[in-house]
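Student: model the following, please.
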Amino acid sequence: MKNIRKITGAFVLIFLLAGGFIFAQDRAISPNQLPKTAKTFLATHFKGITVGSAIEDREIYGVDEYQAYLANGMKVEFDSSGNWKEVDGKHQKIPYGFIPASIRNYAAKNFPNTYIVKIEKERWSYKAELSNGLDLEFDRKGNFRRIDD
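Tutor: So this is what the prediction gives:
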């Protein structure tokens, strides 16, 4: 009897997980449909660069994130509210205006012949990729933690 409950529980769990994957979907949207916060971010930090396409990543519970693909090849990811999560310059120097000063200063001082090509903002940290391929980790306040390999 216990084995039947375990097997039934496993099937229910698999069904629920599979349902989540079935209902989760990406959907192309107009750049005008991005949240206002995201549009303001792009207009401020990527002035004059058009958004070629935008994607809305929907989950069962609603929108999880947005991605904006810029005409110059860069990609910007936003959370459901339109706050930036990741900026990927695709090996190009990204704008520095939104990057915390402590991160900008650390990179400039310790790696003077490089530039930041990608930055990710996570819950408790930042990760910055430099043009020389090094990945730097910082805490939420922008204090250097380590070189990630």
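Student: when you work out contacts or count neighbours from here on, use the C-alpha atoms and nothing else.
Tutor: Noted.
Student: now do stretch 83-98: distance to the chain's middle.
Tutor: 10 Å (CA atoms, centre = their mean, to the nearest Å).
Student: residue boundaries of the strands in this structure?
Tutor: With DSSP state E as the criterion, the chain has strands at 25-29, 51-59, 62-70, 75-79, 84-88, 116-121, 125-130, 135-139, 144-148.
Student: beta partners of the spatially most central residue of the chain?
Tutor: With distances taken as CA atoms, centre = their mean, Glu86 lies nearest the centre of the chain, 3.1 Å away. Beta bridges link Glu86 to Glu77, Glu120 when assigned by DSSP bridges.
Student: I'd like the numbering to begin with 47 instead of 1 from here.
Tutor: Will do, 47 is the new start, and the previous item becomes Glu132.
Student: worst-scoring helix or strand of this protein, pLDDT-wise?
Tutor: helix 48-69 (a mean of 50; mean pLDDT, DSSP states H and E).
Student: on that earlier part again, which one of the strands of the chain lies closest to Ile145?
Tutor: Nearest of the strands of the chain to Ile145, taken as CA to CA: strand 162-167 at 8.1 Å.
Student: low-confidence ranges in the chain?
Tutor: The model of the chain has pLDDT under 70 over residues 47-70, 107-108, 195.
Student: please repeat the previous calculation with a cut-off of 90.
Tutor: Low-confidence regions of the chain, defined by pLDDT under 90, span residues 47-72, 104-110, 194-195.
Student: to Ala154, which of the strands of the chain lies closest?
Tutor: strand 162-167 (9.3 Å).
Student: tell me which residues are up against the closest one.
Tutor: The contact list for strand 162-167, computed with CA atoms under 8 Å, 6 or more residues apart in numbering, reads 130-140, 153, 172-177.
Student: quick one: that strand to chain centroid distance?
Tutor: Centroid displacement of strand 162-167 relative to its chain, using CA atoms, centre = their mean, is 9 Å.
Student: mind checking how far the closest residue to Met120 other than its chain neighbours is from Glu105?
Tutor: Closest residue to Met120 apart from its sequence neighbours, by CA to CA, 6 or more residues apart in numbering: Gly135 at 4.6 Å. Distance, Gly135 to Glu105, by CA to CA, to the nearest Å: 26 Å.
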